[in-house]
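# I'd like to go over a predicted model; first the sequence, then the structure.
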Amino acid sequence: MPVKIYKFTLFHLADELWALPLLPTSQFIACEAITLIPGAPENVLGLVYHGGKIITLLDTAKILDLRVKRIRSKNCLLFDYQGDYYGLEVDDGDNTIRVKQVFTDRSKKKFNKYIKVNKRKVYILDLENLWEQVKIYG
Amino acid sequence: MVSAKYKDLYISTSKDQLNKLTNLFLSLERSPDNQNLIENIFRLIHSMKGAAATMAYKKTVNLFHAMESIIDAAFQQRLMIDKNILELFIDTIEVFDNNLKSIKKNNREINLTKQINLLVGGLKQRKQGKKIKTKNVYRQEKHLLGSIPTVAEISVPVENLNRLYDMSDDLLVNVMETKSIVKSLGKAKLLSLSVNADRIVNDLRRELEKIRIVPLAQIFSSLPYLVREIAKDEGKNVDLVIEDNDLSLDKAILDELIEILIQLLKNAVAHGITREQKNGRIEVVVSLDNDQMKIVVKDNGQGIDWQEIMDMAVKNKIISRVAAKKLTVSEIKNLIFKAGISRGKSVSISSGRGVGLSLVKAKVESLDGDMLVESKSGKGATFSIKLPLPLSVFRGLTFKIADYTLAIPLSFIDRIIKLPEVRDFNKTKIFVHDKARYKMTALPKEMNLPKIAALSKYIAIIKYKGEKLALPIFSNINERELIAKNTPQVLKNLDYLKGVAVSDEGLPVLILDINNLVK
């Protein structure tokens, strides 16, 4: 019986390792000059231009509700969704990983899915939860 | 009537053509019986005559016509180009150059009668002279352009450009990957080199984007001439008014767009405007509408008889009589885009509306666009096309307010007024300047701008649907070329922003929605 393989891009944020489901366009890029948007949702940092694309930069720490003091990073994880490009602000990029199992942490209300990397729990930033936090669609 | 703004374009194009013509004459001096050169000169002069006709410069048209007659005689081997004729042509070029200067400075042509008479006289004298020996006259050169000393421009197929663009993407990806590896190696010199390479590739991409973009005015300048020619053939009197809002468009799309426009203009002249009309008028208006370019072709002709279209569809078995009775208004209007709808009509003129329109519609749809028609019998017809904007460039006024960089398309700006001192316009309703009164407008409250932003030293006078409004603007005011990009979802939710563009510095700039501002 075939085994389902899950692919993720790993990234570092606030001294933790996180995972984003691998998308065809996923890549780490530098997001330096941010254009702020007046009246944008609070977890949208602004827009950046990269490689001919306009990228909506998201405040990952705010989305994940990480209340730690950290210096704003210039790295972001680029992905596309419904024809638009988004960047998740991350401290640093990491590898792409394949796993056979995704677990659920029932003690958490959101972003409660995780994978195991070197026996460590790595929580998944899934798009469904992401768009619930970032009020852009619907 | 041709818009005055085409004058500059006409002058710059004519100067380029003049240089080419001079070079061609110099080449002809070396090989006076080169038929290919003569043919190219004829084409160039003909094109210059057409451009002058478009601008309604009658004296210039006559001048080129006289030159064209001599070249035509040479091409027909009724006249041999000799030193005297070449000198006459070189003199004529000088006269034309002076004429251009006068048009530029005084907006009028100089007296060209003397030069025209010299050209006509030259032709007559040589016709009365010896018969030209035609032996060895047809020495065809395989590479005509090779005989022309200078090449001012080259044509590149769009596919090649696209391939180049794709390759620049790959290059960028590779440079990024290299940068990532170099970063992990921690070698400062290598890192600096890869950062430089990254910058160069990004610059290359921007340059490639620019190559693909052409001002609409450059392509549209031939349309008044085209309409005049068709109208002349049809025995009609038609005026073409073009409003392109200083827009530019990706060359690939523009090539398709011009085909669409030509077909619609042919239709409007052939089927819209009647011979009885003395005020035949077609308007072409191109504007930006959200993420799309809107093209409207409107005529004041006889309009479309929808009952006749339905009858024709039934007659040509496009639809049954029973089904025709159940059609909605929009379905009836869509019938006009079906191939063969006009086969029943006697079509002796420039275009068969049905076939042409079905092709136009197919072309618009192939560009992911949409096309609509509005018409009432006796009240003209309006065809509206919406095309998405992959790479459109426009000039905009950019400024900063607090931490935000905003832009307004320059086509909406009448002028910028610099105030003697910073003012708070928070409670001002009417702005008075040089005895003119302007209604004040402000950036919407939904933008949650800080209150300090109410202090302004500049006022932008915005023209919108016949009104002139005063908008206080703030710091870092610049006029720059902007590349419109697809509007991301986050901006679609904000009514006061029309979209986003990229500045020449590679920064996103938010475009204000003038409609919202005016409200």
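That came through fine. Treat the numbers as computed from the prediction; the structure is a model and nothing was measured.
# which residues of chain A lie near chain B?
Selection of chain A residues close to chain B by C-beta under 8 Å from any C-beta of the partner chain yields A:27-29, A:33, A:35-41, A:44, A:46-49, A:51-52, A:54, A:56, A:82-85, A:93, A:136-137. Where C-beta positions appear, they are placed from N, C-alpha and C, glycine not excepted.
# identify the bridge partners of the most centrally placed residue in chain A.
When chain A is reduced to its mean C-alpha position, the closest residue under C-alpha atoms, centre = their mean turns out to be A:Leu88, at 4.7 Å. Taking DSSP bridges as the rule, A:Leu88 bridges to A:Leu58, A:Leu77.
# how about A:Leu47?
Partner residues in beta bridges with A:Leu47, using DSSP bridges, are A:Thr35, A:Thr56.
# for it, list the residues it contacts.
Residues counted as contacts of A:Leu47 (C-beta atoms under 8 Å, 6 or more residues apart in numbering or on different chains) are A:Ile34, A:Thr35, A:Ile37, A:Ile54, A:Ile55, A:Thr56, A:Leu57, B:Pro488, B:Val490, B:Val500, B:Pro508, B:Leu510.
# how about a cut-off of 6 Å?
Neighbouring residues of A:Leu47 by C-beta atoms under 6 Å, 6 or more residues apart in numbering or on different chains: A:Thr35, A:Ile54, B:Pro508.
# repeat that for B:Ile385.
Applying C-beta under 6 Å, 6+ apart, one finds that B:Ile385 lies in contact with B:Ile295, B:Val364, B:Gly369, B:Met371.
# can you check A:Thr60 too?
Taking C-beta under 6 Å, 6+ apart as the contact definition, A:Thr60 lies against A:Leu13, A:Leu88, A:Glu89.
# repeat that for B:His433.
B:His433 makes contact with B:Ile417, according to C-beta under 6 Å, 6+ apart.
# and the gap between it and B:Ile416?
For B:His433, the distance to B:Ile416 under the criterion C-beta to C-beta, to the nearest Å works out to 11 Å.
# likewise for B:His271?
For B:His271, the distance to B:Ile416 equals 45 Å [C-beta to C-beta].
# in TSV, list the contacts of B:Ile385 along with secondary structure, neighbour count and pLDDT.
Formatted as TSV, the contacts of B:Ile385 follow (DSSP: H, G, I helix; E, B strand; the rest coil; neighbours: other C-beta atoms under 10 Å in any protein chain shown; pLDDT from 0 to 100):
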residue	secondary structure	neighbour count	pLDDT
B:Ile295	strand	23	92
B:Val364	helix	21	84
B:Gly369	coil	21	76
B:Met371	strand	21	89
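# and those, which is closest to chain A?
B:Gly369 (16.8 Å; C-beta to the nearest C-beta).
# so the nearest residue to that closest one once chain neighbours are set aside bridges to which residues?
Residue nearest to B:Gly369 in three dimensions, not counting chain neighbours: B:Leu387, with 4.0 Å by C-beta to C-beta, 6 or more residues apart in numbering or on different chains. Each beta-bridge partner of B:Leu387 is listed here, defined by DSSP bridges: B:Met293.
# surely B:Leu387 touches B:Glu365?
No. Contact between B:Leu387 and B:Glu365 fails when scored by C-beta atoms under 6 Å: they sit 10.4 Å apart.
# more neighbours: which of these two?
Between B:Leu387 and B:Glu365, counted using other C-beta atoms under 10 Å in any protein chain shown, B:Leu387 has the larger neighbour count: 24 against 12.
# do you know the pLDDT at that one?
For B:Leu387, the pLDDT comes out at 81.
# B:Ile45 now?
Value listed for B:Ile45 in the pLDDT field: 88.
# so it sits in a strand?
No. When DSSP: H, G, I helix; E, B strand; the rest coil is applied, B:Ile45 is found to be helix, with no strand at that position.
# packing partners of the longest helix seen in chain A?
For chain A, the helix that runs over the most residues, judged by DSSP state H, is helix A:127-133. Using 3 or more C-beta pairs under 6 Å, 6 or more residues apart in numbering or on different chains; DSSP states H and E as the contact definition, helix A:127-133 packs against no other helix or strand.
# could I get the buried residue list for that helix?
Within helix A:127-133, the residues that qualify as buried by neighbour count (16 or more other C-beta atoms under 10 Å in any protein chain shown) are A:Asn129, A:Leu130, A:Gln133.
# can you list contacts of it?
Contact partners of helix A:127-133, identified using C-beta under 6 Å, 6+ apart, comprise A:Ile63, A:Lys110, A:Phe111, A:Tyr137.
# would you quantify the distance from the spatially closest residue to B:Gly301 that is not a sequence neighbour to chain A?
Here the nearest residue to B:Gly301 in space, its sequence neighbours aside, is B:Gly272; by C-beta to C-beta, 6+ apart that works out to 3.1 Å. Distance from B:Gly272 to chain A, counting by C-beta to the nearest C-beta, to the nearest Å: 38 Å.
# tell me who's in contact with B:Gly272.
Contacts for B:Gly272 were tallied using C-beta under 6 Å, 6+ apart; they are B:Asp299, B:Gly301, B:Ala381.
# contacting residues around the first one?
Each residue near B:Asp299 by C-beta under 6 Å, 6+ apart is listed here: B:Ala268, B:Gly272, B:Ile282, B:Gly380, B:Ala381.
# what pairs with it across the strands?
B:Asp299 has these beta-bridge partners by DSSP bridges: B:Ile282, B:Ala381.
# any idea of the pLDDT on it?
With respect to pLDDT, B:Asp299 has a value of 94.
# quick check on the residues of chain A next to chain B: which are buried?
A:27-29, A:35-41, A:44, A:46-49, A:51-52, A:54, A:56, A:84-85, A:93, A:136.
# out of the residues you listed, which are inside strands?
Of those, the ones assigned to strands by DSSP state E are A:27-29, A:44, A:46-49, A:54, A:56, A:84-85, A:93.
# with respect to B:Ser456, which of the residues you listed is nearest?
Proximity to B:Ser456 was ranked across those by C-beta to C-beta; first place goes to A:Gly46, at 23.8 Å.
# and chain B, what are its domains?
Each structural domain of chain B that the record assigns through automatic domain parsing is listed here as a residue range: B:6-147, B:158-211, B:215-388, B:392-518.
# ok now the second one, how far from the chain's centre?
Chain-centre distance of domain B:158-211: 32 Å, with C-alpha atoms, centre = their mean, to the nearest Å.
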